[in-house]
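>>> sequence and predicted structure, then a few things I'm wondering about:
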Amino acid sequence: MKRLTALALLFGCLVKAGPAHAQNPLERPVPLPALGRSLATNSDTTAMVHNPANIAFLPGPELRWSGYFLNDSALSSNQGHAIAFALPLGFIPVSTGVRLDLVSPDAGPSARISGAGLSYQWFTWDIAFGNDAAAIGVSFQRSYSNQTAVHGFGTWSTGLTLRPLDYFGLAGAIRQVDAPTSESGVRLGTTYDVGVTIRPTGNDLVELSAEAAYVDERGGYWLPRAVLDIGIPDLGHLRGDLTWVDPGEQLGPASWTMSTSLVVSGNSRHASGELSLGARYGNALGNAASDRFYENLHAEAAFRGFRESKAAEGQGYAVRVRLENTPSVRQHTRLLRDLWSLAEERRLRAVLLEVRANPARSLAHLEELIDAIYHLRRQGIQVLCHLEDATGSGMFLCGAADRTLINPGGGIRYTGLKSQSYYLEGLFSKLGISADFVRIGAHKSAPESLALSRASETALADRTRLIQEVELELSSAFARARGTTIEDVRRAARTGPFTALEAKRAGLVDGFAFDDMLPEKVADLVGERLPVDEGRKAVERSDRMGPEKRIAIVYVEGDMVDGRSQSFPFIGVKTAGSYTIADSLKQVREDRSIGAVVLRVETGGGSAMASDVMWREIQLTAAKKPVVVSMGGAAASGGYYIASAGNYIYANPLTVTGSIGIFFGKVEVSGLLRKIGVNVETLKTTQMADSEAIFRPYTDEERETLKRKIEQVYGMFLRRVSDGRKLSPTQVDQVGRGQIWTGREALGHGLVDDLGGLRQALAKARVLGDVPDNAPIVELPVPEGTLLGKLLGIEGLKKDLAGADLELPEQLKRVLVDVAPLTLYDADTPLARIEITPELIP
């Protein structure tokens, strides 16, 4: 409301009246009219001479030609051609455009001003600022002619449009604000225009507008106007307007004029086109031309860099989606959204999915991609998947497709699942380093990688159960997809890896193809040859007006730390800072345009303090608007802590979650210091002042104190989960104390509400927040970047192309990923963190 008020005040400040005297309404030497358009809803380039504010609503670039042709006897100067181009600037909410009117009247000014035939040109430059609900614009205009009567008009116009609701819009425009004078002294009076538009259906199916223009010339007169626009799905629009012309006795008798036009629009994936033809009639054109509508014609043609909501669609086609790099967390979301968007394309017949890298960073991400393929198939879109040198993940993904092909020289590197963890106790003992930790229970095995040389029996049993659950889930899903049995899948795994021929014999793929053969293979799949397109579909103009409700996806990605989020770009490690996440949640909580929140949890936990700070912000947000939790690859320990504050929790079947528990401790280096001859002397005022220093181990008394502290923090953890999940602390404790669960197991224990990925979470958020299906999505926290990079449109370009982090040898990278988090926490930090996540990506 503050923004709308500011726009209205600015609009008022731009208003300036001036004396004028000129011609009859239809004979005034002004730019060509915008026939059939409403002052409040006209959002094409004709708005530059109608209401300068409205080009702010353009979703993309538009190039338009307009032609006006009248009977030779018509009493109007509205004849000629206009060329216009406008576009939004993209990186700021500003649109700009230019238009050239080439006016060549046969009557009007030719008879009233000099008695000779005139032609003149108007050049218009428009700039507009706005959002979905409001816009303000200014245009600057100048006329050119070889006749002084219409040469040299230099003026400006302004407009304000408010679209507070889907059903209602209003606008005002002031044209020729300064009542300009031509070289020979002819003046154009200022025109004040106001209009109201009603959309009974809440979209552009039916649109009714009532408008009135006041022309400040020779005492002034009004021009009432009514506009009707009917949207025709899969075709375009039918438009019409009726204007009552009553300039007063001094300028002529009252009369009327009407226009009608049929607008036909067509969409491709990346653009749209428009052709329209219409006619004008009415006695305001003169008695000789009044009923000769077939000679009073107007036509338009437009090419747009966006799609129209009511346009006809072209022929069927296929779309190529190529995965050359493993997506990061946000790139994975972008890929999912691209696939979901394809499912909404009515003329899409097939998707060609070319898998050239490991398609997912986690098993949960893999499941979400598989879900996206099934979603495409449920919409009647066939999916052809093509592999080269594939991993097991690529194989499992393509199992969901209608048909899987492989390069004849390729293969599938799948021999089952593995889980590897690194234990540093042997290295530490040689260096004189020791790990000293206290934990809530034997299942809280995160410190074991530092304190032991191998997994404890409890940890080994937990990991064994986990990998067995994962193998069962993947094998059964692949068996269902390929129409075989789990035993067949397991038997195949024991005989891998596979050449292309072996993969075909094992039933893992359906056939062979080189890249150049794929369009032909798509044709074989769908039964006809189709053009194969690439890239994302162009943005589509909304059929609604007014502020759009949005959904926010808030990512909690990486180790949870106190303070601000950080990143380790060389190895792809990120941290989720408590301050950064809190700021994002506060932002969505206070933003009235955001109707619901999806909390995307991609973390194995971290600092208990950071967990509680985030938990509180999520709780506050959930009290004001729905917060639906979507668990990604891991949402464990501190990750589950914060998830429990959501209104509804989704987990993928293979999400790693649970690990409800706390540990505390330090890595002390006193032995190392002795070996290298370093002596540390400590002065302290209390016995425990240096208990958290890394230069000595804990005493027995200190360890008992730490145990009490751990119990207190764990008790708080239990209460948080108990409150959020409506379970008793005892029930939570039974599935807590560090126990790790898959998403499917967590559902059975009441730790989550349903199984599903990001698509299901967004759908639930739309329902709970009463947000439309096509609502925009905003992602937070906003990735850090440079202003220059954003202005040039190259921010994140390298990462998008590489899709990954600096390429290091895989084993070295894995060790660095495991060790990096150890540098993030102070020795006095209680940790709600999962064991270093086992490598289970097949």
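Cool, got the structure. Numbering: from 1, shown residues only.
>>> which residues touch the residue lying closest to Leu758 once chain neighbours are set aside?
Leaving aside its sequence neighbours, Leu758 sits nearest to Ser630 (C-beta to C-beta, 6 or more residues apart in numbering; 5.0 Å). From N, CA and C alone the C-beta is placed, and that goes for glycine too. Residues in contact with Ser630 (C-beta atoms under 8 Å, 6 or more residues apart in numbering) are 598-601, 650, 757-758, 760-762.
>>> helix or strand for Ser630, which one?
strand 627-636 (DSSP states H and E).
>>> just the CA atoms of that strand, as CSV, please.
Output of strand 627-636 as CSV, limited to C-alpha atoms (Å, rounded to 0.1, in the frame of the first residue of the first chain):
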residue,chain,number,x,y,z
VAL,A,627,5.6,-23.9,6.2
VAL,A,628,5.9,-27.2,4.4
VAL,A,629,9.2,-29.0,4.9
SER,A,630,10.8,-30.8,2.0
MET,A,631,13.6,-33.1,3.0
GLY,A,632,16.3,-33.5,0.4
GLY,A,633,19.3,-35.9,0.6
ALA,A,634,19.7,-35.5,4.3
ALA,A,635,17.6,-33.8,7.0
ALA,A,636,19.1,-35.3,10.0
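>>> that one pairs with which strands?
Applying DSSP bridges, strand 627-636 is found paired with strand 594-603 (parallel), strand 648-651 (parallel), strand 656-658 (parallel).
>>> turn the ones you listed into CSV, columns for mean pLDDT and mean neighbour count.
Converted to CSV, those look like this (pLDDT from 0 to 100; neighbours: other C-beta atoms under 10 Å):
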stretch, mean pLDDT, mean neighbour count
strand 594-603, 97, 27
strand 648-651, 98, 27
strand 656-658, 95, 29
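>>> so which of the ones you listed is nearest Ala636?
Among these, strand 656-658 comes nearest to Ala636, with 5.1 Å by C-beta to C-beta.
>>> and the contacts of that closest one?
364, 466, 604, 631, 633-636, 639-640, 643, 651, 735-736, 739-743, 745-746, 749, 751-752, 834, 837.
>>> go on, stretch 328-345?
Among residues not part of stretch 328-345, those counted as contacts by C-beta under 8 Å, 6+ apart are 269, 319, 321, 323, 327, 348, 351, 360-361, 365, 368-369, 372-373, 375-376, 378-379, 381, 536-537, 553, 555, 557, 572, 600, 602, 632, 757-759, 777, 779, 783, 799-800, 803-804.
>>> so which of these are in helices?
Among the contacts of stretch 328-345, the members falling in helices (DSSP state H) are 365, 368-369, 372-373, 375-376, 378, 758-759, 799-800.
>>> got these as a markdown table, with distance to Met609 and pLDDT columns?
Listed next are those as a markdown table, based on distance: C-beta to C-beta, whole Å; pLDDT from 0 to 100:
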| residue | distance to Met609 | pLDDT |
| --- | --- | --- |
| His365 | 29 | 97 |
| Glu368 | 31 | 98 |
| Leu369 | 35 | 98 |
| Ala372 | 37 | 98 |
| Ile373 | 41 | 98 |
| His375 | 40 | 98 |
| Leu376 | 43 | 98 |
| Arg378 | 45 | 98 |
| Leu758 | 28 | 98 |
| Arg759 | 33 | 98 |
| Lys799 | 31 | 38 |
| Asp800 | 35 | 39 |
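>>> identify the farthest-apart pair in these.
Largest separation among these by C-beta to C-beta: Arg378 and Lys799, giving 32.4 Å.
>>> neighbour count for those two, which is higher?
Taking other C-beta atoms under 10 Å, Arg378 and Lys799 do not tie; Lys799 has more neighbours (16 against 9).
>>> ChimeraX command for the buried members of the contacts of stretch 328-345?
The buried residues among the contacts of stretch 328-345 can be selected in ChimeraX (16 or more other C-beta atoms under 10 Å) with this line:
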select :269,319,321,323,327,348,351,360,361,365,368,369,372,373,375,376,381,537,553,555,557,572,600,602,632,757,758,759,779,799,803,804
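>>> go ahead and confirm Asp510 touches Arg403.
Yes. With contact taken as C-beta atoms under 8 Å, Asp510 and Arg403 are classed as touching, separated by 5.0 Å.
>>> what is in contact with those two at once?
With C-beta under 8 Å, 6+ apart, Asp510 and Arg403 have no common neighbours.
>>> could you tell me how many residues sit around the nearest residue to Val49 once chain neighbours are set aside?
Computed as C-beta to C-beta, 6+ apart, the closest residue to Val49 that is not its neighbour in sequence is Pro31, at 4.1 Å. Residue neighbour count, defined by other C-beta under 10 Å, stands at 26 for Pro31.
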